[in-house]
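J.: sequence-free structure coming up:
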């Protein structure tokens, strides 16, 4: 339950408009390594259209359907996107990204989930043919990874457990109750991560490459529009 995606209403202008570069001061100048986990690396590469036959083979080894992987149309590689996803993943605890479900904690139609126990971001494999959607879900769940870098999270989880009991085990109510983990993650932290992601991504694209700029604009518009969708557990 902890970490299921919540998307709140945010005006597009507040996301797309230029933001101060000091939000991610010198992030794109930092040296970073590739993910140690092979599935995480494969998924990030896949989201960024860097997938080739070796990446597809790796995804197949982790349970991704061969029939769907083979039907996806090739898209232009986006190294700026890859670098942005990788940097933010490492900045906020370097969680593993996987498609594996965690049993009863995921409903049948869940989109994504973060587990503080295994430090995993889970993305429902049924939607992986939509790479833009994967980026959005991963950002939403990264908000929890950032949270759990803080202190007193076990105490907060216990307090949320009491609130859940008071709500008659209706977990959806937790998203609208201030001071809960879900409220903070998706109404406070997540919007900040979207802004940070977009600024970092924009800083990395080649401003002289028309195709790259068009692709970046389309992705940014998709991300901002996706914030208006209702959550699915």
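T.: Cool, got the structure. Computed from a predicted model, the values in this text were never measured in an experiment.

J.: any low-confidence regions in this structure?
T.: Filtered on pLDDT under 70, the chain yields the residue ranges 1-36, 101-109, 210, 224, 226-233.

J.: Give me the phi and psi for the spatially most distant residue from the centre of the chain.
T.: Distance to the chain centre peaks in the chain at residue 166, reaching 30.0 Å (criterion: Cα atoms, centre = their mean). Main-chain dihedrals, residue 166, degrees, to the nearest 10: phi -60, psi -30.

J.: Check residue 123 too.
T.: Dihedral angles (degrees, to the nearest 10) for residue 123: phi -120, psi 130.

J.: tell me, what residue is most central in this protein?
T.: residue 138 (1.4 Å).

J.: Pull the contacting residues for that residue.
T.: 47, 85, 97, 112, 121, 123 (Cβ atoms under 8 Å, 6 or more residues apart in numbering). Yep, even glycine has a C-beta here, placed from its N, CA and C like the rest.

J.: Return the member of those nearest to residue 176.
T.: residue 112 (19.2 Å; Cβ to Cβ).

J.: Next, work out how far apart the residue farthest from the centre of the chain and residue 174 are.
T.: Distance, residue 166 to residue 174, using Cβ to Cβ, to the nearest Å: 10 Å.

J.: all helices for the protein, in order.
T.: Using DSSP state H, the helices assigned to the chain run over residues 12-16, 38-47, 53-61, 66-71, 79-91, 131-147, 153-166, 181-184, 190-204, 210-226.

J.: Need the ones you listed in a markdown table (columns: distance to residue 117).
T.: A markdown table is the format used below for these (distance: least, Cβ to Cβ, whole Å):
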| stretch | distance to residue 117 |
| --- | --- |
| helix 12-16 | 32 |
| helix 38-47 | 17 |
| helix 53-61 | 24 |
| helix 66-71 | 30 |
| helix 79-91 | 18 |
| helix 131-147 | 12 |
| helix 153-166 | 10 |
| helix 181-184 | 14 |
| helix 190-204 | 21 |
| helix 210-226 | 27 |
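
J.: so of those, which one's packed in deepest?
T.: Mean neighbours per residue, mean count of other Cβ atoms under 10 Å, is largest over those for helix 131-147, with a mean of 23.

J.: Now do residue 47 against residue 93, distance only.
T.: Taken as Cβ to Cβ, the span from residue 47 to residue 93 is 18 Å.

J.: Also residue 187?
T.: 21 Å.

J.: Would you confirm that residue 212 contacts residue 80?
T.: Yes: Residue 212 is in contact with residue 80 according to Cβ atoms under 8 Å; the separation is 7.2 Å.

J.: which residues do those two both contact?
T.: Counting by Cβ under 8 Å, 6+ apart, the residues touching both residue 212 and residue 80 are 205, 206.

J.: Could you find the closest non-adjacent residue to residue 43?
T.: residue 97 (4.8 Å; Cβ to Cβ, 6 or more residues apart in numbering).
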